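J.: Can you look at this prediction? I've put the sequence above it.
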Amino acid sequence: MLKKDKITLVDGLRNELKDVKCFYMFQFGGISVNEDNELRMKIRATGSTYRVVKNRLLAKAAEGTALESLVSGLKQPTVVAYSNEDPVALAKLLTEFGKGREAYFFKGGILEDQVLTEDSFREVATLPSKEELIAKLLYLLQFPIQGLVTALEGIYRQLPVVLKQIADKEN
């Protein structure tokens, strides 16, 4: 790669990384091209980005950002995944892909300016997705109203029965 191409790559990566919501780094190896392409398509479907970047170029791109201390001193091939949309969906996808692959493991990451350890990354991956949280919120908002409607329906359903019982008593 020519020097001007590297400079362009670093500048583009720096622009992408300056405002990311989440940034995850993995060491990868032993992955076939087909598996890698399948993972890329799944990640792209979540609105996230997945890149294999030389450690030196990643460190250069991260200079002056919150990622600088995280990416300095990286060894071994590194793949990065980052997103501005749904950090939980991306973490779930990467965790699922890494199961059973010893050569594919979490190196570090940042979520909303918080440095993630491997344990905290696993916690993020076990959180409910955005859609699940919205569904739960809607259920919680709907539940009291549904209870009120059911109670009011019960009153109207029982009214004829009560009136008939009163009429039968008078006879």
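T.: Now that the structure is in, tell me what you want to look at.
J.: Can you list the neighbours in contact with the helix or strand where residue 26 lies?
T.: Element membership for residue 26, per DSSP states H and E: strand 22-27. Under the contact criterion CB atoms under 8 Å, 6 or more residues apart in numbering, strand 22-27 has outside partners 17, 67, 70-71, 74, 76-83, 87, 90-91, 94, 98, 103-112, 116, 121. For every residue, glycine as well, the C-beta is placed using N, CA and C.
J.: Buried ones from those residues, can you make that a PyMOL selection?
T.: Restricted to buried positions by 16 or more other CB atoms under 10 Å, the PyMOL selection for the contacts of strand 22-27 reads:
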select buried, resi 17+67+70+71+74+78+79+80+81+82+83+87+90+91+94+98+104+106+107+108+109+110+111+116+121
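J.: Now intersect the contacts of strand 22-27 with the strands, please.
T.: Members of those lying in strands (criterion: DSSP state E): 78-83, 105-111, 116.
J.: now those in CSV, with pLDDT and distance to residue 143?
T.: Shown next, in CSV, are the ones in strands among the contacts of strand 22-27 (pLDDT from 0 to 100; distance: CB to CB, whole Å):
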residue, pLDDT, distance to residue 143
78, 83, 46
79, 88, 43
80, 89, 42
81, 91, 37
82, 90, 37
83, 88, 32
105, 83, 42
106, 86, 38
107, 85, 43
108, 87, 41
109, 89, 36
110, 88, 37
111, 88, 31
116, 87, 34
